[in-house]
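Provided below are the primary sequence and the corresponding predicted coordinates.
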Amino acid sequence: MIDGACVRLLARYNRWQNQNIVGTAATLAEAERRRDRGAFFGSIHGTLSHLVWADGMWTSRLVPDAPRPPGGVAESATLYPDWDDLVARRAVLDERLVAFADAIDDGWLTGDLVWFSGAAGRELRQPRWRTILHVFNHQTHHRGQVHAMLTQAGARPGDTDLMLMPE
């Protein structure tokens, strides 16, 4: 099981790496960001759109009054077609996740989260600590895909090692 300090570290790492990846993607022409590169969500833009949708969905389950994004996984890659809007939503979500992490106490993590999963088509229940790990692991998984696509496009994202994260 993880504790609140771990969640706070993961939230800050998540924000740092989203700034890294989105900032690097912003250096590409729009056509390069939208070019289908054979990833699960097609392009850099599509994968980043999916991540904004997914973090919005998880945040709506974890944070009181956080808005739930429209659509489902199938629409997630095309849900945020405007680059500037996607970038702005990403920044808001990252700050919301950091604020959420800052407010967590260890006791909260021991309870369960119950939600209806559209992907599974049923209600799910998991320990909150495990759900939090999933949220950040999902980000890392897809950011890795984007990192590879950025490299294919000739861009050079910054450091990704946790030990190099600025304080």
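On my side now, so go ahead.

surely residue 152 touches residue 37?
Yes. Using C-beta atoms under 8 Å, residue 152 is in contact with residue 37, at 6.2 Å. Every C-beta, even on glycine, is put in place using the N, C-alpha and C of the backbone.

between the two, who's got more neighbours?
For residue 152 versus residue 37, neighbours defined as other C-beta atoms under 10 Å are more numerous around residue 37 (19 against 14).

so what's the more buried one closest to, chain neighbours aside?
residue 149 (4.7 Å; C-beta to C-beta, 6 or more residues apart in numbering).

give me the distance between that neighbour and residue 28.
Distance of residue 149 to residue 28, computed by C-beta to C-beta, to the nearest Å: 10 Å.

for residue 36, same thing?
14 Å.

try residue 65
35 Å.

rewinding a little: the residue nearest to residue 37 reaches residue 36, doesn't it?
No. The pair residue 149 / residue 36 is not scored as a contact, 9.9 Å apart, by C-beta under 8 Å.

how about the secondary structure of residue 116?
The three-state label given to residue 116 by DSSP: H, G, I helix; E, B strand; the rest coil is strand.

what helix or strand is the closest residue to it other than its chain neighbours on?
Excluding the flanking residues, the one nearest residue 116 by C-beta to C-beta, 6+ apart is residue 123, at 5.2 Å. In the assignment (DSSP states H and E), residue 123 maps to strand 122-127.

for residue 112, phi and psi?
phi -100, psi 150 (degrees, to the nearest 10).

can you show me the strands along the chain?
Secondary structure of the chain (DSSP state E): strands at 112-117, 122-127.

remind me what the first one packs against, helices and strands.
Packed against strand 112-117 by the contact rule (3 or more C-beta pairs under 8 Å, 6 or more residues apart in numbering; DSSP states H and E) you find helix 44-62, strand 122-127, helix 128-152.

for the second one, packing partners?
What it means is strand 122-127. strand 112-117.

cutoff 10 Å now
Contacts defined by 3 or more C-beta pairs under 10 Å, 6 or more residues apart in numbering; DSSP states H and E place strand 122-127 against strand 112-117, helix 128-152.

okay, the ones you listed in JSON lines with distance to residue 93 and mean pLDDT next?
Shown next, in JSON lines, are the helices and strands packed on strand 122-127 (distance: least, C-beta to C-beta, whole Å; pLDDT from 0 to 100):
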{"stretch": "strand 112-117", "distance to residue 93": "18", "mean pLDDT": "94"}
{"stretch": "helix 128-152", "distance to residue 93": "10", "mean pLDDT": "97"}
